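Undergrad: Quick one: sequence plus predicted model below, questions after.
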Amino acid sequence: MVNQAYQLPFRRVGQDVFIWAKAQILSPERISIGDSVIIDDFVFMMAGEETILASFIHIGAFSSVLGGGYLIMEDFAGISSGVRVFTGNEDYLGGSLTNPAVPSPYRLPIRSSVHIKKHVIIGANTVIFPGVTIGEGAAIGANSLVTKDCDPWTIYVGSPARPFKTRQRDKIIELEVKLRSELYDYQGNYIPKIQRKPSKRRKGT
Ligand SMILES: CC(C)(COP(=O)(O)OP(=O)(O)OC[C@H]1O[C@@H](n2cnc3c(N)ncnc32)[C@H](O)[C@@H]1OP(=O)(O)O)[C@@H](O)C(=O)NCCC(=O)NCCS
């Protein structure tokens with residue numbers, strides 16, 4: 001199994017990062033990656049101005065990041081399959097010519113940012129527009145269109161995405177605290193898989 005994580009010239013890459021062989025990552029020198037991150041086959045990621053992937057992040061197969069702007073994904077954020085994240089846009093309202101085949105100054109692409117906060121999960125085939133911040137712990141149902149900021153610990157569905165339910169915060173935070181106590185040393189350094197003592201399996205797992 002080929003892992004591209006330690007072959008591409010990322011700005012930073014942590015430990016236990018696995019990038020499958022058929023993922024395509026453009027401008028890796030503009031991408032920083034934390035620890036325990038998985039990027040599946042057939043992900044297409046253009047780094048844009050800058051991309052920051054923190055730790056415990058998954059980007060599912062056939063997802064893409066395009067648009068040339070900034071992307072930040074905080075710890076424990078996940079993107080499932082077929083998600084489209086756009087960090088920039090064209091002028092759809094008629095102020096310029098559009099599309100990357102047109103040279104400047106005829107084209108006026110808008111570079112923006114997408115910020116996906118801690119514990120966010122994004123359902124399959126969702127589209128995320130530029131300029132959006134998805135609040136901590138929010139969940140986005142499959143096939144949604146996220147055009148505006150999303151409130152923390154809220155589940156959104158639909159096109160455009162609207163609040164649907166609240167998400168259980170306390171259990172997720174409790175599990176994060178437990179995981180950090182096991183997977184980080186007393187100085188706050190991540191303990192890679194290879195150095196971990198075999199843990200007792202939880203009952204029923
Ligand atoms: C949003 C979600 C979490 C809601 O789950 P839930 O609370 O169990 O919802 P239910 O299945 O009980 O559905 C409740 C209603 O919401 C609707 N609904 C559910 N998910 C929806 C979605 N993504 N978009 C629009 N409507 C949705 C249902 O049709 C149902 O409508 P009805 O009351 O008119 O029949 C879930 O449906 C979802 O989209 N999960 C993402 C799954 C995914 O992408 N997995 C990929 C692998 S990680």
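TA: Perfect, thanks for sending it. Numbering: from 1, shown residues only.
Undergrad: going forward, measure contacts between C-alpha atoms and count neighbours the same way
TA: OK.
Undergrad: Spell out which parts of the chain neighbour the ligand.
TA: Ser80, Gly123, Ala124, Gly141, Ala142, Asn143, Val157, Gly158 (CA under 6 Å from any ligand atom).
Undergrad: Inside strands: which ones of those residues?
TA: Judged by DSSP state E, the subset of the residues of the chain next to the ligand located in strands is Val157.
Undergrad: hmm, which two among the residues of the chain next to the ligand are most spread apart?
TA: Ser80 and Gly158 (16.3 Å; CA to CA).
Undergrad: the more surrounded of the two?
TA: Just comparing Ser80 and Gly158: by other CA atoms under 10 Å the higher neighbour count belongs to Ser80, 19 against 16.
Undergrad: Spatially, and excluding backbone neighbours, which residue is closest to that one.
TA: In space, Ser80 comes closest to Gly60 once its chain neighbours are excluded; the distance is 4.5 Å by CA to CA, 6 or more residues apart in numbering.
Undergrad: Hmm, Met45 and the one you found touching each other?
TA: No. With contact defined as CA atoms under 8 Å, Gly60 does not count as touching Met45 (11.6 Å).
Undergrad: quick one, what contacts the residue nearest to Ser80?
TA: Ile39, Asp40, Asp41, Val43, Gly78, Ile79, Ser80, Ser81, Gly82, Val83 (CA atoms under 8 Å, 6 or more residues apart in numbering).
Undergrad: can you check Ile57 too?
TA: Ser36, Val37, Ile38, Met73, Glu74, Asp75, Phe76, Ala77, Gly78.
Undergrad: run the last query once more with 7 Å
TA: Ile57 makes contacts with Ser36, Val37, Ile38, Asp75, Phe76, Ala77, Gly78, as judged by CA atoms under 7 Å, 6 or more residues apart in numbering.
Undergrad: didn't Ala23 look like it was pressed against Ile38?
TA: No. Between Ala23 and Ile38 there is no contact under CA atoms under 7 Å: 10.6 Å.
Undergrad: hmm, back to that, what subset of the contacts of Gly60 is buried?
TA: Ile39, Asp40, Asp41, Val43, Gly78, Ile79, Ser80, Ser81, Gly82, Val83 (16 or more other CA atoms under 10 Å).
Undergrad: pLDDT value on the last one, please?
TA: The score at Val83 is 98. That number is its pLDDT.
Undergrad: Over to the first one?
TA: The per-residue pLDDT reported for Ile39 equals 98.
Undergrad: what's across from it in the sheet?
TA: Beta-bridge pairing for Ile39 (DSSP bridges): Ile19, Ile59.
Undergrad: Wait, Ala142 touches Thr126, no?
TA: Yes. If you go by CA under 7 Å, Ala142 and Thr126 touch, sitting 5.9 Å apart.
Undergrad: Of the two, give the one with the bigger neighbour count.
TA: Thr126 (26 against 19).
Undergrad: okay, the more buried one: pLDDT?
TA: For Thr126, the model assigns a pLDDT of 98.
Undergrad: Enumerate every residue touching the most centrally placed residue in the chain.
TA: Geometric centre of the chain, nearest residue: Met73, 4.6 Å, by CA atoms, centre = their mean. Counting by CA under 7 Å, 6+ apart, Met73 makes contact with Ile52, Leu53, Ala54, His115, Ile116, Lys117.
Undergrad: Thanks again, I'm all set now.
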